[in-house]
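Asker: A predicted structure for the sequence below; I have some questions about it.
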Amino acid sequence: MIKNFIHGVALRAETIVDSVRGQRDPRRIIEPYIGYATPDNLVVRGRVLAALRRNKPLPTQSAWINFRQMFSLFLTDEVAGVEVSAESVSAVSDEEGYFTLLLDRSTAQGWVDIEVAIVGREGKTLCPVLIASPDAEYAVISDIDDTMLETGAYSLVRNLWTSMTGNATTRQIFPDAVTFMNEMSQDGQNPVYYVSSSPWNLHHFLERIFDRAKLVKGPKFLRDLGISDTQFITGTHGDHKGGSIDAILAANPDLTYVLVGDTGQHDAFVYRDAIERHPGRIRAVVLREPGPGPDAKSLQAMQAIEAAGVTLLHGPNFEGFAHQLRQEELSQAAE
């Protein structure tokens, strides 16, 4: 009862704020997200905002300035009901400003840029799309926090402190993660996708960190933290990751996958369940063990992964894991 009341109040408040800030602002800007390809379509994604919030952080600035800049990323002026188009296909932005365009899949491979326009306005925005190579051996789905990016997500206090008091020049990607993902992608032959419970507001922020660290680029499946008619905070951590994994597997039905995560946010549970839903599609699970490492329940989930016949590699870092996976493949092929 109390949760429903709070949800109702929050939804009405958000509606009022959005109508004042976003809908009444005459400006319209597309924030591009990285799209991906399915057997039939190019999935072009983005968000319509009244303004883009782009900070210019310095490595030496204070934690307070970092906090203010990070907080500003959540003050989005999203605009609903805006028609966008690309290649004669159109869509309308939803209540949080998000849109998805489904274009006919072409014969192109690798990275392509799709020109997206706001109907009735000048200018176009390039939205990148990754089309998996037909020569791919497999695909990789990876978590971000404490898997690629040092966060401390296994501790709520540490997670909040790190996330809100760092900036794009100070946040660190694990060096072993860069090496591991480069080896797994094989110079872009194998597509890489990222799934995280971080909000879409951080898409550009994460892109800057990834680019600075030279981490393999890939479509991101982030989480909508907005308030909908039916949910207070849309989706749960497990539901979001599980649903995203399902969508990515459906996008490449002929590929098997390596799932990469950590033991700090119950990735073992999510990946165990994905193996059960998609028998034969998961070739390996790789888990980083941050902080105190896996708890008893995570260890049970990891045991279930191995019992399903899926290769499991885990440890405090990913050093040597790509080589181990390759050797195991060669061994299995020789049997």
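Answerer: Here it is on my side, so go on. Numbering: from 1, shown residues only.
Asker: output the below-cut-off pLDDT ranges for the stretch 1-150 of the chain.
Answerer: When residues are selected by pLDDT under 70, those of the stretch 1-150 of the chain lie in 1-25.
Asker: that one: helices as residue ranges?
Answerer: 2-18, 63-72 (DSSP state H, counting those that start in this stretch).
Asker: how close does residue 223 get to residue 271?
Answerer: For residue 223, the distance to residue 271 (CB to CB, to the nearest Å) stands at 18 Å. C-betas here are computed from N, CA, C, even on glycine.
Asker: just residue 312 next, same as before
Answerer: Residue 312 is 9 Å from residue 271, by CB to CB.
Asker: joint contacts of the two?
Answerer: 285, 305 (CB atoms under 8 Å, 6 or more residues apart in numbering).
Asker: care to break the protein down by domain?
Answerer: 2-131, 139-334 (automatic domain parsing).
Asker: now, of these, which is deepest in the fold?
Answerer: Comparing these by mean neighbour count (mean count of other CB atoms under 10 Å), domain 139-334 ranks first with a mean of 18.
Asker: distance from the chain centre to that domain, please.
Answerer: Offset of domain 139-334 from its chain centre (CA atoms, centre = their mean, to the nearest Å): 9 Å.
Asker: swap in stretch 68-88?
Answerer: For stretch 68-88, the distance to the chain centre is 17 Å (CA atoms, centre = their mean).
Asker: ends of it, how far apart?
Answerer: 41 Å (CA to CA, to the nearest Å).
Asker: the closest residue to residue 172 other than its chain neighbours and residue 118: what is the separation?
Answerer: Nearest non-adjacent residue to residue 172, counting by CB to CB, 6 or more residues apart in numbering: residue 150, 4.8 Å away. Distance, residue 150 to residue 118, by CB to CB: 38 Å.
Asker: ok, so what distance separates residue 74 from residue 68?
Answerer: From residue 74 to residue 68 the distance is 11 Å (CB to CB).
Asker: any shared contact partners between these two?
Answerer: Between them, residue 74 and residue 68 share no contacting residue, judged by CB under 8 Å, 6+ apart.
Asker: how about the strands in the protein?
Answerer: Counting by DSSP state E, the chain has strands at residues 29-37, 41-49, 83-86, 89-92, 98-104, 110-118, 125-131, 139-142, 192-199, 220-223, 257-262, 282-288, 311-315.
Asker: for residue 46, name its beta-bridge partners.
Answerer: residue 32, residue 99 (DSSP bridges).
Asker: got the contact list for the residue nearest to residue 222 when sequence neighbours are not counted?
Answerer: Using CB to CB, 6+ apart and skipping residues adjacent in sequence, the residue nearest residue 222 is residue 200, 4.7 Å away. Residues near residue 200 by CB under 8 Å, 6+ apart: 33, 47, 98, 222, 223, 224.
Asker: mind checking how far the first one is from residue 239?
Answerer: Using CB to CB, one gets 20 Å for the distance from residue 33 to residue 239.
Asker: repeat for residue 76
Answerer: 23 Å.
Asker: now residue 75
Answerer: Counting by CB to CB - residue 75 and residue 239 are separated by 26 Å.
Asker: and residue 293, by the same measure?
Answerer: On the measure of CB to CB, residue 293 and residue 239 end up 25 Å apart.
Asker: now swap in residue 272 and tell me
Answerer: Distance of residue 272 to residue 239, computed by CB to CB: 15 Å.
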